[in-house]
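**Student:** what's the 3D shape of this:
(chains A and B)
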Amino acid sequence: MERRHFLQQGLALGTGGLVISGSMLGLVRLLAPREVHASTQVIPLPGALADPAAFAAACIGCGLCGEVCPPRCIVFYRRDGAREVNTPYINPEDKSCILCGKCMAVCPTNALSITPREKIKMGFARIDRTACYPWVDRGVCGACVSVCPLGDKAIGFDFGNFYRPVVKDGCVGCGQCVEVCPEPSLPIRIAQPGQQVPRKEYKVHPL
Amino acid sequence: MTATHWPRHLNKLRWVSLSLVFTSLILIPLLHLYQTYEATHSYDYLNAGEKFIYNTMESLTKPFTNDPVNALDKIKGNTWSGNLFGVKLSDPLAVVGQTFAGLTIYWPFVITALIPIILTMLLGRFYCGWICPATFLYELTDNVGTLLKRLGVPISHRRLNHNLKYIVLAVLSLLCAITGTMLFAAVYPPAIIGRELYFQIAAQGFGIGIIFFLFTMVFDLFVARRGFCRYVCPGGALYSLLGHFRLVRIQRHVQTCNDCVKCTAICQFDLNPMRDEFGQECNNCSACIAACPTDALEFKINWQDLPYQGPGHLGHHYKQHASIEAA
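**Tutor:** Coordinates of the predicted model:
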C-alpha cells in the first residue's frame, strides 16, 4: 500500500513536471515565431563560433556583449527566431561593428572567443557592380574604401580607377562599408560563406 | 526587556539589498547609454529625454570617475551573468543549461559560477531571498494579492508538491540537450528581468520574456502564493539542491517560543518554522525572525535542521502539559 502510494505520487509529480516544463517551452516558442526579413542583413558577432547551432548552444543570452558594445550595434532576437531567441546578432545596415573587441573580452562563455581583428570571420563584403555608383559611371564615391578599419588589406580601388571599390581577401565582414554606403539599394552587402548574397527588397504596394 | 534583538532588522536589510540589485539593473543600461553619448561627444544632438539621462548619469558618476567611457565598464551585466570589477560572476543555472545545451563543459565558464556555488553551499537559497530581481517583483505581487483579496477578488493559495521544481529542472535540462539551446534563459525570471530591462532601456525594447514573466505573476496571484518560486523555478530547484547541507540556517529556540504561529503565517514559502520544518526550501530570508514576538528564531551554524523540539515552552500547550506532569 505504501509503495503504491509512492508510485502514484511519483507518477503525478512526473506528469505535472512534464506538463509544466512543456507548457513553458511551448509558451516561449509560441511567443517567438521565426520571422526572416529578406531585406534585413544578419551577421554574427566578431569571434563567434562559426557554426550557428554551436553558437545557439553556447550562448546563455545574458546580453553582456550588447551592454559593453560602444556603438551599440549588437542587438538581440527578441521575438523573431524561436531557437535563437535572446541571442545576439548585428545588422550592419543600422549600425555596424567597429572591431573594438569588448564583446569578445566580456563574454563569459565560449560563444565569443578573443580573436585578433585580422582573423575575425563575420562574413565577406560583396559589391554589386550593377548598382554601385562608380561602377555604373554615375559619379565618384569611395566611401566604403575610406571607412574600412582594415585599410587596403580589405578593400581597395580597381586598377586604373580611383573610385571603383574592390573587396580583397583581408575583409573580415565588419559591415562598416554597408553602414556608410550612400546608395539606397546598398550595393555592398555582407555575405556568409555558403550563402547567397541577400539583396535588399522593396515592398511594392499593389494599386 | 533588553534592546531589540538585532536579527529582527535583517529583513529590512534584505529589502535594501533587493532594491539595490533591482535599481542597479536599471542603472547599468542607463550608464551604458551615458557612456555611448559621452564617447561620441553627442550632447548637443540629444533630445530632451536623452539629455536628462545624460545629466543624471553624469551627476551620479562624477564623484567616482573622471573617465566614464572606460571606467564604467567595470560594472556590467545582470544577475544571470555579470562583470563586477573584473570578476566574472554567473548563475549556476546558466552553467548547467550551457553544459546540457552543448553537451560539453567549458571550464572558464564553470569557474565564473564558483563563487555563487560556494556561497549557496554555505548560505543555502539566499540568492532567492536576498538578490533575485524577480523576488523583488514577486513580493510586491504578493502584496497586490493581499489587496485584491481585500477587494473581494478570488485569490487562490493552492498547495502543490514542492518536489515539482526538481522535475522541471530535470525536464528543462533534457530539453536544453534535445533542442541544443539555452532554454533556461527564456524561462528563468531573474535572467528575464535583467535582460528585458536592458532591452527596454538601451536596446530595441521589451522582448517575449516580459510576457512570460507576466504569466508567472498571474500564476502567483491566481494559482499559488509565490507559486513560481516554490513549485516551478528551475533555478530555485538548483539552489535548493546546492544548499541542502548549508551551514547557516534559522533555528527555533524552544525555551522562548510561545507557539503563536506568526512565523508560519508569514513564511511566503509555506514552511513551518514553528514545527522546525525548514528544509532545503528555506531561503534564509529572515521574515520569520522579524515576525517573531519573543525572538525565539535565530541564525545558527549547523549543517542540518533540528528535529521537532515539541511545543514552545512559553506556549499554552506546554504549560498545561507541565502542570499535569507536576501534579
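**Student:** Point out where the stretch 201-327 of chain B drops to low pLDDT.
**Tutor:** Across the stretch 201-327 of chain B, residues meeting the criterion (pLDDT under 70) sit at B:327.
**Student:** separation between residue A:9 and residue A:15?
**Tutor:** 11 Å (C-beta to C-beta, to the nearest Å). In this view, the C-beta of every residue, glycine as well, is placed from N, C-alpha and C.
**Student:** What of residue B:174?
**Tutor:** In terms of C-beta to C-beta, residue B:174 sits 15 Å off from residue A:15.
**Student:** and what of residue B:226?
**Tutor:** Residue B:226 is 23 Å from residue A:15, by C-beta to C-beta.
**Student:** Those two: which has the busier surroundings?
**Tutor:** Higher neighbour count among residue B:226 and residue A:15: residue B:226, with 21 against 11, using other C-beta atoms under 10 Å in any protein chain shown.
**Student:** Starting from the helix of greatest length in chain A, tell me the next helix or strand along the chain.
**Tutor:** If each helix of chain A is counted by residues according to DSSP state H, the longest one is helix A:2-31. Using DSSP states H and E, the helix or strand that directly follows helix A:2-31 along the chain is helix A:52-58.
**Student:** Now that following helix: buried residues?
**Tutor:** Neighbour counts over helix A:52-58 (16 or more other C-beta atoms under 10 Å in any protein chain shown) mark A:54, A:55, A:56, A:57, A:58 as buried.
**Student:** cool, stretch A:175-193 as well?
**Tutor:** Residues A:175-181, A:183, A:186-192 are the ones in stretch A:175-193 that count as buried (16+ other C-beta under 10 Å).
**Student:** Show the overlap between the residues you listed and what lies near chain B.
**Tutor:** With C-beta under 8 Å from any C-beta of the partner chain as the criterion, the buried residues of stretch A:175-193 include none near chain B.
**Student:** Of the residues you listed, which belong to helices?
**Tutor:** Of the buried residues of stretch A:175-193, the ones assigned to helices by DSSP H are A:176, A:177, A:178, A:179, A:180.
**Student:** give me the beta-bridge partners of residue 76?
**Tutor:** Picking chain A for this. Taking DSSP bridges as the rule, residue A:76 bridges to residue A:88.
**Student:** Correction: the question concerned chain B.
**Tutor:** residue B:83.
**Student:** Isn't it up against residue B:87?
**Tutor:** No. Taking C-beta atoms under 8 Å as the definition, residue B:76 is not a contact partner of residue B:87, at 11.4 Å.
**Student:** what stretches of chain A score poorly on pLDDT?
**Tutor:** A:1, A:34-40, A:81, A:194-207.
**Student:** give me the residue from it nearest chain B.
**Tutor:** residue A:17 (2.6 Å; C-beta to the nearest C-beta).
**Student:** Mind checking which residue lies nearest the centre of the chain?
**Tutor:** This is for chain A. Residue closest to the average C-alpha location in chain A (C-alpha atoms, centre = their mean): residue A:43, at 2.5 Å.
**Student:** Not quite, go with chain B.
**Tutor:** Note on chain B: the residue nearest the mean C-alpha position is residue B:128, at 2.6 Å, using C-alpha atoms, centre = their mean.
**Student:** How about that residue: what's its closest non-neighbour residue?
**Tutor:** Spatial nearest neighbour of residue B:128, chain neighbours left out: residue B:283 (4.2 Å); criterion: C-beta to C-beta, 6 or more residues apart in numbering or on different chains.
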